[in-house]
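> My questions concern the predicted model and sequence given below.
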Amino acid sequence: MSAIVIAGALFSMAGSMSKGISALNESTRLANDVVSEGRTLQQESLRTAAIIQEEGAKFASAQSLQYISSGVHIAGSALITIAQTKTYAKEEADAVRAKGRAQLSLAYSKATGVRNEGRAALISGMTEAAGTGISTAASLKK
């Protein structure tokens with residue numbers, strides 16, 4: 001009779017530990033996916049920001065050429081307009097970069113939470129296994 005109880009307890013313990021280990025492995029995989037997605041979003045934001053700045057510079061150059069071809073000397077309000085164009089492009093690009101950094105930071109935070117959930121599941125599985133072992137040992141002592 002006790003051999004059957006012990007075997008049952010061992011199977012239950014193994015199942016609890018396996019469940020905890022599986023949860024840890026899955027959470028690690030998911031956390032890595034979340035971070036990878038965050039990195040991809042940040043890289044996309046850097047590319048977008050570079051395009052915005054490049055297009056802003058091209059537009060400012062086109063403005064300069066239009067002023068010159070119209071016979072306007074590039075000074076005063078014309079110079080201010082061109083400078084504002086470059087400033088707006090830079091500010092927009094900086095905002096896109098900041099959004100990318102924020103998305104990556106959020107991904108790291110989410111990944112930490114997911115990893116912590118996996119660790120908690122592992123600890124829970126091991127605790128459950130230990131509880132099964134202890135209760136089985138106690139019942140066999142009676």
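Happy to help now that I have it.
> Run a quick neighbour tally on the closest residue in space to I6 that isn't next to it in sequence.
Leaving aside its chain neighbours, I6 sits nearest to T136 (6.7 Å; criterion: C-beta to C-beta, 6 or more residues apart in numbering). (Each C-beta comes from the backbone N, C-alpha and C, glycine too.) Number of residues near T136 (other C-beta atoms under 10 Å) recorded here: 18.
> what's the following helix or strand after the top helix by length along the chain?
Longest helix in the chain, counting residues (DSSP state H): helix 2-69. Downstream of helix 2-69, the first helix or strand assigned by DSSP states H and E is helix 77-141.
> Need the per-residue pLDDT for the residue nearest the centre of the chain.
The centroid of the chain falls nearest to A107 when counting by C-alpha atoms, centre = their mean (1.8 Å). With respect to pLDDT, A107 has a value of 97.
> Equivalent analysis for K142, please.
66.
> for K90, same thing?
K90 is given a pLDDT of 96.
> Could you count how many residues lie near it?
K90 has 15 nearby residues by other C-beta under 10 Å.
> how close does it get to T81?
15 Å (C-beta to C-beta, to the nearest Å).
> quick one: contacts for the closest residue to E55 other than its chain neighbours?
Residue nearest to E55 in three dimensions, not counting chain neighbours: A89, with 6.9 Å by C-beta to C-beta, 6+ apart. Applying C-beta atoms under 8 Å, 6 or more residues apart in numbering, we find A89 in contact with 52-53, 55-57, 59-60.
> Many thanks, we can stop here.
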